[in-house]
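>>> predicted structure and sequence below. I'll ask about it afterward.
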Amino acid sequence: MQPTFVLVHGAFANSFSFAPLQAELGLLGHRSVAVDLPGHGFQATFTHAYQAPQDPTGLASAPGSIKGVTLADNVAHLIGILERAKRNGPVILVGHSRGGITITAAANARPDLIDRIVYVSAWCPVRLDVGDYYAEPEMAGVDPAAFASALVGNPAELGLLRVNFRTANPESLAAFKEAFFADGTDEQFLTFLNTFQPDENLDVGGSADRAQAATWGRIPKTYIRLADDASLPLALQDRLIREGDELTPDNPYDVRTLAGSHLKWLVDPAPAARALGELVTLAAPSAQA
């Protein structure tokens with residue numbers, strides 16, 4: 001009854017970013033599956049306009065495969081993977097960053113497929129929709145306009161959000177590094193930035209996709225705080241934990257903390273792999289129930 005860790009990436013990311021973590025998990029004897037949500041990984045669009053030398057006009061208008069992809073599409077895809085994983089034993093579902101929105105919606109729909117749900121500095125909206133949290137005091141230090149110089153095209157016309165992660169604009173690069181990986185070297189930061197894909201879907205869900213006590217609330221849950229995260233600040237992480245505990249006081253979060261930024265745990269994955277490995281024994285009682 002060895003559990004399977006199912007790993008769900010965040011915005012503009014893909015399964016590739018989990019490779020170092022999966023190596024560490026494997027060396028500790030754990031089984032894992034990294035998910036590519038629809039329009040991600042080898043389904044992503046990398047146009048010739050995105051290559052060097054870049055074609056800004058072409059990049060601003062080129063169609064992207066992720067256009068029209070919805071949160072419901074992400075959830076349906078993830079549920080299919082969870083169904084397959086569940087045939088082999090317990091499932092520990094792990095989401096990072098925006099991936100938390102998808103795993104929360106999947107838990108609302110199919111709690112029977114998940115033996116423990118784990119958020120690593122990830123969104124789990126409870127009282128507000130995700131976009132509304134950005135107006136709250138906990139997000140006051142996060143400046144969405146910091147990335148404006150790297151945005152490409154009109155999202156309404158493209159039907160997607162496009163960011164030029166291959167920009168050479170020093171202001172944009174500095175904003176990215178500060179938000180995601182301030183504690184990494186410049187080389188590590190640029191390496192990780194080049195694993196990002198330029199397009200992301202626009203649908204972050206609504207009130208029906210927030211955590212639901214009757215379904216999501218039945219699943220044992222863990223929140224791994226990232227103490228130095230600048231893009232999803234610790235104060236906001238703690239608020240999401242608090243709101244989740246208030247929603248299901250009889251099933252509070254198991255809370256753990258790792259040092260580091262939003263991406264540090266993926267580049268230096270040994271501490272995270274050990275923390276996740278400790279959850280295997282916690283998943284066992286649910287699997288036997």
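Okay, I see it.
>>> quick one, what contacts the spatially closest residue to Ser15 that is not a sequence neighbour?
Excluding its sequence neighbours, the residue lying closest to Ser15 (CB to CB, 6 or more residues apart in numbering) is Ala34, at 3.7 Å. (Glycine included, C-beta is placed from N, CA and C.) Neighbour list for Ala34: Leu7, His9, Ser15, Phe18, Ala19, Gln22 [criterion: CB atoms under 8 Å, 6 or more residues apart in numbering].
>>> sheet partners, orientation included, of whichever strand or helix holds Ala34?
Taking DSSP states H and E as the criterion, Ala34 maps to strand 31-35. Strand 31-35 pairs in its sheet with strand 4-8 (parallel), by DSSP bridges.
>>> hmm, who's touching the partner strand?
With CB under 8 Å, 6+ apart, strand 4-8 has contacts from 15, 18, 21-22, 25, 30-35, 37, 78, 81-82, 85, 88-96, 99, 102-103, 276.
>>> show the buried residues in the residues you listed.
15, 18, 21-22, 25, 30-35, 37, 78, 81-82, 85, 90-96, 99, 102-103, 276 (16 or more other CB atoms under 10 Å).
>>> what ranges does the stretch 51-200 of the chain have for its strands?
Here the stretch 51-200 of the chain has its strands, by DSSP state E, counting those that start in this stretch, at 91-97, 116-122, 161-162, 199-200.
>>> Asp129: which of the ones you listed is closest?
strand 116-122 (15.6 Å; CB to CB).
>>> mind exporting that closest one as PDB, just the C-alpha atoms?
The C-alpha trace of strand 116-122 is given here as PDB (Å, rounded to 0.1, in the frame of the first residue of the first chain):
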ATOM      1  CA  ARG A 116      -4.100  13.500   2.000                       C
ATOM      2  CA  ILE A 117      -4.000  16.800   0.300                       C
ATOM      3  CA  VAL A 118      -0.900  19.000   0.600                       C
ATOM      4  CA  TYR A 119      -0.500  22.700  -0.200                       C
ATOM      5  CA  VAL A 120       3.100  24.000  -0.700                       C
ATOM      6  CA  SER A 121       2.700  27.700  -0.500                       C
ATOM      7  CA  ALA A 122      -0.400  27.200  -2.700                       C
END
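>>> just checking, what packs against that strand?
strand 91-97, helix 99-109, strand 221-226, helix 280-288 (3 or more CB pairs under 8 Å, 6 or more residues apart in numbering; DSSP states H and E).
>>> now the ones you listed as a markdown table including mean pLDDT?
What follows is the helices and strands packed on strand 116-122, written out as a markdown table (pLDDT from 0 to 100):
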| stretch | mean pLDDT |
| --- | --- |
| strand 91-97 | 98 |
| helix 99-109 | 98 |
| strand 221-226 | 98 |
| helix 280-288 | 60 |
